[in-house]
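Asker: structure for this input, please:
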Amino acid sequence: MLITIYTDGSALGNPGPGGYGAILIAGSYRKEISQGFQRTTNNRMELLAVIIALETLKIPKSQVLIYTDSQYVVNAVEKKWVLAWEQKRFAGKKNADLWIRFLKIYRCHDVRFVWVKGHAGNPENERCDRLAVAAAQSADLLVDTGFFIENV
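Answerer: Take a look at the predicted model:
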């Protein structure tokens, strides 16, 4: 069964408070997830949305189609930039902690990406945006330790 995932990330200030939102759809099953962080970046939240969504899957080797408006994520994966970064041990690359985490879960599934234009009326992408922004504005903000360590 194909699992369809929509993701979005947000940072208010970039860096600033941020959040991610994701929607997982498989047949009639639908799950929405989101979380906010005290200080982070938009790119970290875009990538974390994908990671958390993939980590939520319970069946290994699932066929997954991810819709995202993040060219950062889509290009890094589809153009295989992240594999080159990995070979160089992510030297000089931002978000290395998340890319390492991404590759671990990405390799557990059969994942394809589709880039969608943000704020262009795609209902699920718009919903993910609202989830991400609401998470960034919530009172329950976590510490993005990877961002903190990278920027000390």
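Asker: so who does residue 63 touch?
Answerer: Neighbouring residues of residue 63 by Cβ atoms under 8 Å, 6 or more residues apart in numbering: 1-3, 109-110. Placement of C-beta: from N, CA and C, glycine included.
Asker: for the protein, which spans come out with low pLDDT?
Answerer: Counting by pLDDT under 70, the chain shows low-confidence ranges at 151-152.
Asker: the strands in this protein, which residues?
Answerer: In the chain, strands defined by DSSP state E lie at 2-11, 16-26, 29-40, 63-68, 110-115, 141-142, listed in chain order.
Asker: was I right about residue 20 contacting residue 5?
Answerer: No. If you go by Cβ atoms under 8 Å, residue 20 and residue 5 don't touch, sitting 11.9 Å apart.
Asker: neighbour count for those two, which is higher?
Answerer: residue 20 (31 against 25; other Cβ atoms under 10 Å).
Asker: burial measure for the closest residue to the more buried one other than its chain neighbours, as a count.
Answerer: Residue nearest to residue 20 in three dimensions, not counting chain neighbours: residue 49, with 3.6 Å by Cβ to Cβ, 6 or more residues apart in numbering. By other Cβ under 10 Å, 32 other residues sit near residue 49.
Asker: residues contacting residue 49?
Answerer: 7-9, 20-22, 68, 128, 132.
Asker: show me which of those is closest to residue 84.
Answerer: Taking Cβ to Cβ as the measure, residue 84 lies nearest residue 68 of these, at 20.6 Å.
Asker: hey, what's the closest one bridged with?
Answerer: Applying DSSP bridges to residue 68 gives these bridge partners: residue 7, residue 115.
Asker: burial count for it?
Answerer: Quick note: residue 68 (other Cβ under 10 Å) scores 27 neighbours.
Asker: ok, it - contacts?
Answerer: Contacts for residue 68 (Cβ under 8 Å, 6+ apart) come out as 6-8, 46, 49-50, 74, 113-116.
Asker: kindly recompute the last result at 10 Å.
Answerer: 5-9, 22, 46-47, 49-50, 53, 74, 77, 113-116, 118, 125, 128 (Cβ atoms under 10 Å, 6 or more residues apart in numbering).
Asker: next one: residue 92
Answerer: Taking Cβ under 10 Å, 6+ apart, we find residue 92 in contact with residue 85.
Asker: same check, this time on residue 53
Answerer: Residue 53 neighbours (Cβ under 10 Å, 6+ apart): 3, 5-7, 20-24, 31, 33, 64, 66, 68, 105, 128.
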